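In: Pasting the sequence and the predicted coordinates here, then a few questions.
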Amino acid sequence: MQCPKCGFEQSDARQECHRCGLEFARWSGAEGARRRRPSAPVVTTERKVQTRLGEEAWLHRGLLFAGMGLLSGFLWPLLKHSVLHGASVLLTPWQILSPVEGELQRAATATLGEGSHLALWVLAPLIVAVLTLLLRCYGRPPVRAYGAVFLGGVGLLVMLAGLSAESEILGLVFVPPSALGGLIMFAGIFGLALMAAANHARKRYPRARILRRLSVGGAVAMGILLIFALFFSAGAWKIWAMWLLYIELIGLGVLAIRSARCPLPDEQLLETISLFLRVGLGWLPVACWIAQSTAGDPFVDFVIGGGGGTVHVLLSVIKGFLVYGGMAFLMALGLAACLTQMLAAKVKAPAESRPEGNPDWVSDARIMRT
């Protein structure tokens with residue numbers, strides 16, 4: 001027989017090559033396995049560049065969407081009704097920032113904080129929006145990611161906890177009753193943002209353990225908000241529309257924990273979690289509008305009570321959703337970009353070992369252990 005390695009002719013009875021020492025049995029097993037295994041197409045440099053540019057374009061568009069949403073929230077007017085004066089007044093940001101003129105405007109801008117920091121509450125969305133758009137235009141991808149987390153997180157924390165009394169100008173029941181209530185709301189919103197970010201990153205890096213742990217942590221943080229809403233609140237918080245929202249959030253948490261228990265989750269499960277997030281985001285303002293219009297609060301009834309209260313509530317809910325939702329979206333966007341960039345930096349596998357058809361493939365053992 002002829003040696004497959006060096007080509008030396010020798011007897012068929014030999015178990016190894018007389019010249020190079022190749023073991024024929026071992027070579028036959030390895031060669032057979034290699035032939036049976038389909039060759040994996042390589043990931044070219046062009047494909048890796050396209051993937052990186054796609055992530056950067058996604059972050060670029062997200063920053064524009066968040067900035068424009070916050071800018072719209074700043075410009076959105078409020079329609080307030082004073083039961084005491086029996087009249088309504090349309091409040092623009094400039095009217096709220098200007099000195100109070102007349103008893104009607106004073107009643108329409110009444111807050112538990114007596115308006116001491118009302119100007120900051122009005123200007124905060126504008127400040128965050130401008131900084132977000134500047135970050136989009138001039139920041140590098142890592143700076144954009146961490147900057148989005150900082151702007152969205154700090155802005156939301158200041159609005160919910162630091163300016164909880166000023167948020168009464170919205171005339172909504174669904175505003176933080178105190179600084180502690182604002183912290184609890186922030187914890188729940190941060191948990192949702194964390195779950196959304198981990199779910200997005202896991203579509204590309206399904207084996208990363210850190211994403212599984214973050215999903216569970218986000219579900220626990222969201223559970224704190226649900227406990228607060230279910231056991232320590234009343235009135236509009238217990239309307240059927242809000243119960244539907246709670247059930248949807250509980251289902252989202254169960255799916256996130258189930259996904260975290262799977263070392264390699266099903267792609268359909270990840271898409272289902274994304275669908276639950278979108279449904280919850282869309283139903284949130286509708287549920288608040290329905291609940292606020294059918295159940296009231298003594299203070300809220302006084303400032304936006306009868307005389308077209310449903311329309312007044314709708315405008316207030318939209319403004320609150322644009323402001324608080326815009327900052328929450330910005331925070332979630334930054335978290336997703338940070339996780340994706342962190343995991344991409346840890347992957348050191350050679351390009352030829354990555355299948356082109358499966359971008360979710362990860363071979364770095366350090367990510368598996370993280």
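Out: Received, thanks.
In: Show me what counts as buried in the helix or strand that Leu249 is a member of.
Out: Using DSSP states H and E, the element containing Leu249 is helix 240-261. Buried residues in helix 240-261, counted by 16 or more other C-beta atoms under 10 Å: 241-242, 245-246, 248-249, 252-253, 255-257, 259-260. Where C-beta positions appear, they are placed from N, C-alpha and C, glycine not excepted.
In: in the helix or strand harbouring Leu90, what counts as buried?
Out: Counting by DSSP H and E, the element that carries Leu90 is strand 87-91. Neighbour-count burial for strand 87-91, counted by 16+ other C-beta under 10 Å, picks out Ser88, Val89, Leu91.
In: So for His60, what's the nearest residue that isn't a sequence neighbour?
Out: Distances taken as C-beta to C-beta, 6 or more residues apart in numbering place Arg136 nearest to His60, at 6.2 Å, with adjacent residues excluded.
In: Show me what whatever helix or strand that neighbour lives in is in contact with.
Out: Here Arg136 is covered by helix 118-138, with elements defined by DSSP H and E. Helix 118-138 is contacted from outside by 60, 63-64, 66-68, 70-71, 73-74, 93, 96-97, 109, 111, 143-144, 147-148, 151-152, 155, 158-159, 163, 166-167, 169, 322-323, 326-327, 330, using C-beta atoms under 8 Å, 6 or more residues apart in numbering.
In: Measure how that helix sits relative to strand 87-91, angle-wise.
Out: Orientation note: helix 118-138 sits at an angle of 30 degrees relative to strand 87-91 (axes from the mean of the first three to the mean of the last three C-alpha atoms, to 10 degrees).
In: Next, the buried residues of helix 118-138.
Out: For helix 118-138, by 16+ other C-beta under 10 Å, it's Leu118, Trp121, Val122, Ala124, Pro125, Val128, Ala129, Leu131, Thr132, Leu133, Leu135, Arg136.
In: now, among the buried residues of helix 240-261, which is nearest to Trp289?
Out: Ala241 (8.3 Å; C-beta to C-beta).
In: Let me know whether that closest one touches Ala287 as I believe.
Out: Yes. Assessed by C-beta atoms under 8 Å, Ala241 is found in contact with Ala287 at 4.1 Å.
In: list the buried ones in stretch 1-11?
Out: So, applying 16+ other C-beta under 10 Å, buried residues of stretch 1-11: Cys3.
In: Can you name the element that comes right after the helix holding Arg136?
Out: Assigned by DSSP H and E, the successor of helix 118-138 is helix 141-157.
In: quick check: angle from that following helix to helix 118-138?
Out: Using the same axes, to 10 degrees: helix 141-157 against helix 118-138 is 170 degrees.
In: Tell me the gap between the helix or strand following helix 141-157 and the middle of its chain.
Out: Next helix or strand after helix 141-157 toward the C-terminus (DSSP H and E): helix 179-202. Taking the mean of its C-alpha atoms, helix 179-202 sits 8 Å from the chain's own mean (C-alpha atoms, centre = their mean, to the nearest Å).
In: Give the buried residues for the following helix or strand past helix 179-202.
Out: On the C-terminal side of helix 179-202, the nearest following helix or strand under DSSP H and E is helix 209-231. By neighbour count with 16+ other C-beta under 10 Å, helix 209-231 contains the buried residues 210-212, 214-219, 221-226, 228-229.
In: confidence score at the residue nearest to His60?
Out: Here, the pLDDT recorded for Arg136 equals 91.
In: what bits of the stretch 201-350 of the chain have low per-residue confidence?
Out: The model of the stretch 201-350 of the chain has pLDDT under 70 over residues 234, 295-308, 347-350.
In: and with 50 instead?
Out: Flagging of the stretch 201-350 of the chain using pLDDT under 50 yields the residue ranges 306-307, 348-350.
In: OK, contacts around Ile247?
Out: No contacts exist for Ile247 under C-beta under 8 Å, 6+ apart.
In: er, Cys262 actually
Out: Cys262 touches Leu269, counting by C-beta under 8 Å, 6+ apart.
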